[in-house]
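J.: 3D, please:
(chains A and B)
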Amino acid sequence: MDLISDRGRRVQVEELNTTKLLAHAAKQTRDRKFDDVLIVDVDAHHYENENFGEILPFMENEVLKQLVLSARAKAGRGSVLPSTPGFQDMGGRVTRYPLRSTEKTDPSRLRDAQLGERWMDAMGVDYSCLFPTGMLNVGLHPQKEMEFELCWAYNRWVTEVALPQTDGRMFTQLSLPFGDPEGSLRCVETFGHRKGVGGWMVTTVRPKMPVYDNAYMPVYRAIEERGQTLAFHSGPSWGDHTFQSCNRFISAHALGFSWYNILHLTNWVVNGMNERFPKLPVLWIEAGLAWIPFVMQRIDHEFMLRPSECPLLKRKPSEYMREMFYSSQPMEIQDMDALECTFRMIDAENSLLYASDYPHWDFDLPSTIWDLPFLTDKARHNILGGTAHKLFKLPPRNEAQKANLIKYGNYVEC
Amino acid sequence: MAEQFVGKASEFKDGDRQIVRIGEQEIGIFKHEGEFYAYSNFCLHQGGPACEGLTIARVEERLRPDKTSMGLHFTNDMNFVCPWHGYEYDMKTGEHVSNRKLKLRKYEIVQKGNDVYVVA
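T.: Presented below is the predicted three-dimensional model:
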């Protein structure tokens, strides 16, 4: 097919084949013997809008269901989810975006599962956490009832249709309709026990999100009691007034992902949530790593001056931050000394979780972790999968992986 | 270093490319404005297939003498882009357009009559 290049010039390319596109990743997997290493990707995506025909009928409220089904019937003119401007494909330069529809799969099995297996096998990833893409904007929906309905339908589809077709290779942290605390609790109580549910995801792209509000305490308690995780997944929101001064997508994207995690993590820590729910594993997803030392230093500094504003804290904020978890992607590998300092400050050996973010444009391969010159072997194994193995109880897929989990002190019965 | 046959020059149209594999090496060969260019197909970023993506004109921002911007424009210089993450390389040098110190390995092209060879 043709891709559109500069000034409308057409460039002929083959149809997309993920296995072929990632042939160099497969070479890295072979060269580094990744089959012997349990690799867990805690943040990968699919395009759930391609499955809306199956997802939306799971909505409970008949009136709201009628609205979205009717909107979708308008031949592409209707919209179900809010969206913000964005140019993730870089004007077609990242070719898997415009070519996505050309990739062939077996129509008798969920396409997302087949595409997932292709990139996971190429990268040497054993398990990936399936997250949506467009649904990351569900927090921008003006109707909290609609947010609940969409999350409810998505959570049903993921657990009843999608995950059962992935041969156990994918798990998920389901979508919490955070605008509706009671609805969030209902989701946890309804879906929390289902196979493949490792935890819960809050999309942080929202106009207002008081993570400290008393209304959420029953939700956090319910997740903690189930031994599951609470993940805050960041994203860009160019339409947010904070970012309307950005005249290039690069600015809104680079700042947005970090900003929302900076904002909500600060509120989380300052309000003593780690003291209130000490056994709740909290993950901060897809904001890179460079922001974390900044927040640690900034909040520690003010904490020493204004302790009366956060009396629940018994230690410095940075100490609580070191006990939470961070996904690695997109890892800023620009200044190796700075990155090494970041790893030390966040106790990466115990807090960092490898994430690819595939198929999004700024994905990271496992080699981005494996090849870091300052890591110990234990740190490599922990970050790529050992720590996630303990969090999500994902069994090793072969004896070599099990031996490495035991060797580096990570093995737990699953 | 040996000469590896690539193809017939007459079969390359301007804008065509070919990937040749020699042992562990992968080399992308482009024909651009009548000239052949050959570079390693392993992106300097994460090892993606640097020569297999889109070719696209370089973008510049034009300024007036008073430093006000006239916006973004395509130039007549050509880049090729790694399809994994968008690392963008200068067609004529193999340098990353944002950091000229980052440079793909360049291979010599030899033409003998109508036959095109890459030296690798």
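J.: could you list the low-pLDDT ranges of the chain?
T.: If you meant another chain, say so; for now it's chain A. For chain A, residues meeting the criterion pLDDT under 70 lie at A:75-78.
J.: most proximal residue of it with respect to chain B?
T.: For chain A and chain B, the shortest gap (C-beta to the nearest C-beta) falls at A:D6, measuring 3.9 Å. For glycine as for every other residue, the C-beta is placed from the backbone atoms N, C-alpha and C.
J.: pLDDT of stretch B:67-75, averaged?
T.: Here stretch B:67-75 scores 97 as its mean pLDDT.
J.: can you tell if it touches chain A?
T.: Yes: contact of stretch B:67-75 with chain A (C-beta under 8 Å from any C-beta of the partner chain) involves B:F74.
J.: how about that stretch: buried residues?
T.: Within stretch B:67-75, no residue is scored as buried using 16 or more other C-beta atoms under 10 Å in any protein chain shown.
J.: which residues touch that stretch?
T.: Contacts to stretch B:67-75, defined as C-beta atoms under 8 Å, 6 or more residues apart in numbering or on different chains, come from residues A:6-7, B:57-64.
J.: give the contact list for the residue of chain A closest to chain B.
T.: A:D6 makes contact with B:56-57, B:74, according to C-beta under 8 Å, 6+ apart.
J.: gap between the closest residue in space to it that isn't next to it in sequence and B:H32?
T.: In space, and not counting its chain neighbours, A:D6 is closest to B:A57: 3.9 Å by C-beta to C-beta, 6 or more residues apart in numbering or on different chains. To B:H32, B:A57 is 11 Å away according to C-beta to C-beta, to the nearest Å.
J.: between these two, which contacts overlap?
T.: With C-beta under 8 Å, 6+ apart as the test, B:A57 and B:H32 both reach B:M78.
J.: need the contact list for A:H381.
T.: By C-beta under 8 Å, 6+ apart, the contact set of A:H381 is A:37-38, A:404-405, A:407-408, A:410.
J.: in three-state terms, label the closest residue in space to A:L353 that isn't next to it in sequence for me.
T.: With C-beta to C-beta, 6+ apart as the criterion, A:L353 has its nearest non-adjacent residue at 4.5 Å, and that residue is A:V42. Put simply, A:V42 is strand when judged by DSSP: H, G, I helix; E, B strand; the rest coil.
J.: residues near A:T105, how many?
T.: Close neighbours of A:T105, defined as other C-beta atoms under 10 Å in any protein chain shown, add up to 14.
J.: isn't there a helix covering it?
T.: No: counting by three-state DSSP, A:T105 is not found in a helix; it is coil.
J.: residues in contact with it?
T.: Shown in contact with A:T105 (C-beta under 8 Å, 6+ apart): A:111, A:114-115.
J.: likewise for A:H46?
T.: A:112, A:115-116, A:130-133 are the contacts of A:H46 under C-beta under 8 Å, 6+ apart.
J.: mind checking which of these are in helices?
T.: Per DSSP state H, helices hold the following members of these: A:112, A:115-116.
J.: top of those by neighbour count?
T.: When neighbours are taken as other C-beta under 10 Å, the top entry among the ones in helices among the contacts of A:H46 is A:G116 (26 neighbours).
J.: ok, it - contacts?
T.: Taking C-beta under 8 Å, 6+ apart, one finds A:44, A:46, A:128, A:130, A:166, A:169-170 in contact with A:G116.
J.: okay, which residue is most central for the chain?
T.: You didn't say which chain, so I picked chain A. Centroid-nearest residue in chain A: A:D43, 3.7 Å away (criterion: C-alpha atoms, centre = their mean).
J.: should've been chain B
T.: B:M91 (3.7 Å).
J.: look up phi and psi at that residue.
T.: phi -60, psi -40 (degrees, to the nearest 10).
J.: counting neighbours, what do you get for the closest residue to chain A within chain B?
T.: Residue nearest to chain A within chain B (C-beta to the nearest C-beta): B:A57, separated by 3.9 Å. The number of residues packed near B:A57 is 17, by other C-beta under 10 Å.
J.: B:K31 too?
T.: Counted by other C-beta under 10 Å, the residues lying close to B:K31 total 20.
J.: for it, helix, strand, or coil?
T.: strand.
J.: how far away is the closest residue to it other than its chain neighbours from B:F5?
T.: With sequence-adjacent residues excluded and distances taken as C-beta to C-beta, 6+ apart, B:K31 is closest to B:F12, at 4.3 Å. Distance check for B:F12 against B:F5: by C-beta to C-beta, it reads 13 Å.
J.: picking up where we left off before, quick check on the residue nearest to the residue nearest to the centre of chain A when sequence neighbours are not counted: phi, psi?
T.: Spatially, and ignoring its direct neighbours in sequence, A:D43 is nearest to A:A355 (3.7 Å; C-beta to C-beta, 6+ apart). Dihedral pair for A:A355: phi -140, psi 140, per degrees, to the nearest 10.
J.: residues from chain B in reach of chain A?
T.: By the rule C-beta under 8 Å from any C-beta, the part of chain B lying against chain A is B:15, B:42, B:46-49, B:53-57, B:74, B:81, B:83-86, B:88.
J.: which among the residues you listed count as buried?
T.: Members of the residues of chain B next to chain A classed as buried by 16+ other C-beta under 10 Å are B:15, B:42, B:46-49, B:53-57, B:81, B:83-86, B:88.
J.: I'd say A:E15 and A:T102 touch.
T.: Yes: if you go by C-beta atoms under 8 Å, A:E15 and A:T102 touch, sitting 3.8 Å apart.
J.: anything in contact with each of those two?
T.: Common neighbours of A:E15 and A:T102, using C-beta under 8 Å, 6+ apart, are A:M1.
J.: and the strands in chain B?
T.: In chain B, the strands defined using DSSP state E lie at B:3-8, B:17-22, B:25-32, B:35-40, B:55-63, B:69-81, B:88-90, B:106-112, B:115-119.
J.: what does the first one contact?
T.: Counting by C-beta under 8 Å, 6+ apart, strand B:3-8 makes contact with B:18, B:20, B:22, B:29, B:109-110, B:114-120, all of which sit outside it.
J.: now a ChimeraX select for only the buried ones of those.
T.: Burial among the contacts of strand B:3-8 is assessed by 16+ other C-beta under 10 Å; the matching ChimeraX selection reads:
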select /B:18,20,29,109,116,117,118,120
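J.: dump the contacts of strand B:3-8 into CSV; add distance to A:H241 as well.
T.: As requested, the contacts of strand B:3-8 are arranged in CSV below (distance: C-beta to C-beta, whole Å):
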residue, distance to A:H241
B:Q18, 50
B:V20, 52
B:I22, 55
B:I29, 50
B:I109, 54
B:V110, 59
B:N114, 62
B:D115, 62
B:V116, 56
B:Y117, 59
B:V118, 54
B:V119, 57
B:A120, 55
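J.: redo the contacts of strand B:3-8 as TSV? Include pLDDT.
T.: TSV is the format used below for those (pLDDT from 0 to 100):
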residue	pLDDT
B:Q18	94
B:V20	95
B:I22	93
B:I29	97
B:I109	97
B:V110	97
B:N114	95
B:D115	96
B:V116	96
B:Y117	97
B:V118	97
B:V119	96
B:A120	92
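J.: the stretch 1-150 of chain A against chain B: which residues are in contact?
T.: Applying C-beta under 8 Å from any C-beta, we find that the stretch 1-150 of chain A lies next to chain B at A:3, A:5-7, A:11, A:13, A:21, A:23-25, A:27-28, A:90-96.
J.: sitting in helices, which of the residues you listed do you find?
T.: Using DSSP H, the residues of the stretch 1-150 of chain A next to chain B in helices are A:21, A:23-25, A:27-28, A:96.
J.: so how far is A:V40 from A:M170?
T.: 11 Å.
J.: which residues are in contact with A:E149?
T.: Residues near A:E149 by C-beta under 8 Å, 6+ apart: A:59-61, A:64-65.
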